[in-house]
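1. Whatever this is, show me its structure:
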Amino acid sequence: MTISTVPATAPASWGEPRSKTVYWHDPKVSLEAAPGRTGLEYLTAMVNGEIPGAPIGGLLGMRAVSASFGEVVFACTPDESMYNPIGMVHGGVACTLLDSAAGCAVHTTLAANVGYTSIEIKVTYLRPIHAHTGELLVRGWVTKPGRRVAFAEADVRDAEGTLLATATSSCLILGG
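-> Numbering: from 1, shown residues only. As a prediction, the model looks like this:
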């Protein structure tokens with residue numbers, strides 16, 4: 001699959017187009033590993049490299065670092081391919097990281113064969129993120145589990161622990 005947004009002809013002042021190769025594994029592998037595992041067992045298997053992460057992780061360079069009951073940590077190193085028109089990482093990237101962490105934190109509390117989906121997320125952006133920001137740590141934690149709706153929070157910090165963005169989220173519990 002090739003997707004290109006580079007115009008056929010571009011002014012020389014733009015320089016050579018840059019490219020980025022994205023790798024991911026067949027999502028069917030992870031989906032087939034889910035039945036019979038609790039959410040925590042499933043995410044722990046992902047952290048331990050027993051099953052592949054979600055394809056969105058390949059696109060963003062996101063990886064699962066740790067999972068415990070009610071909490072997960074992801075890492076991501078932003079690059080300039082994530083920039084918006086004003087030269088910083090697009091807010092949608094931070095939102096995606098926060099949504100992933102909050103949702104997966106909820107997932108760690110769920111029984112086998114129970115899923116979730118995001119209902120809403122509210123993001124507060126505190127500082128800009130750039131490629132030179134370096135590795136981001138994204139932590140999600142459950143604030144209130146529930147049978148039908150669960151609530152979670154998440155934050156993005158740089159390697160020095162500076163808070164860059166926060167989120168509150170609610171997730172609909174499916175099949176419980």
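
2. quick one, what contacts residue 164?
-> Residue 164 sits next to 94, 125, 126, 127, 129, 133, 136, 155, 156, 157, 158 when contact means Cβ atoms under 8 Å, 6 or more residues apart in numbering. The way it works is simple: take the backbone N, C-alpha and C, and place the C-beta from them, glycine included.

3. Go through those and name the one nearest residue 49.
-> residue 136 (20.5 Å; Cβ to Cβ).

4. Now that closest one: closest residue in space that isn't a chain neighbour?
-> Once flanking residues are discounted, residue 136 sits nearest to residue 76: 4.9 Å by Cβ to Cβ, 6 or more residues apart in numbering.

5. Residue 59 is in contact with that neighbour, correct?
-> No - with contacts counted by Cβ atoms under 8 Å, residue 76 stays clear of residue 59, the gap being 10.5 Å.

6. So those two - more neighbours on which side?
-> residue 76 (23 against 16; other Cβ atoms under 10 Å).

7. Tell me the bridge partners for the residue nearest to residue 136.
-> residue 62, residue 136 (DSSP bridges).

8. Tell me how far it lies from residue 144.
-> 26 Å (Cβ to Cβ, to the nearest Å).

9. Residue 112 too?
-> Distance, residue 112 to residue 144, using Cβ to Cβ: 22 Å.

10. Which of these two has more residues huddled nearby?
-> residue 112 (12 against 9).

11. which ones are touching that one?
-> Taking Cβ under 8 Å, 6+ apart as the test, what residue 112 contacts is 35, 36, 37, 38, 41.

12. List only buried entries from the residues you listed.
-> 37, 38 (16 or more other Cβ atoms under 10 Å).

13. For the contacts of residue 112, could you give me JSON lines that also reports secondary structure?
-> Output for the contacts of residue 112, formatted as JSON lines (DSSP: H, G, I helix; E, B strand; the rest coil):
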{"residue": "35", "secondary structure": "coil"}
{"residue": "36", "secondary structure": "coil"}
{"residue": "37", "secondary structure": "coil"}
{"residue": "38", "secondary structure": "coil"}
{"residue": "41", "secondary structure": "helix"}
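
14. Tell me the one of the contacts of residue 112 nearest residue 102?
-> Nearest member of these to residue 102, counting by Cβ to Cβ, is residue 38, at 18.2 Å.
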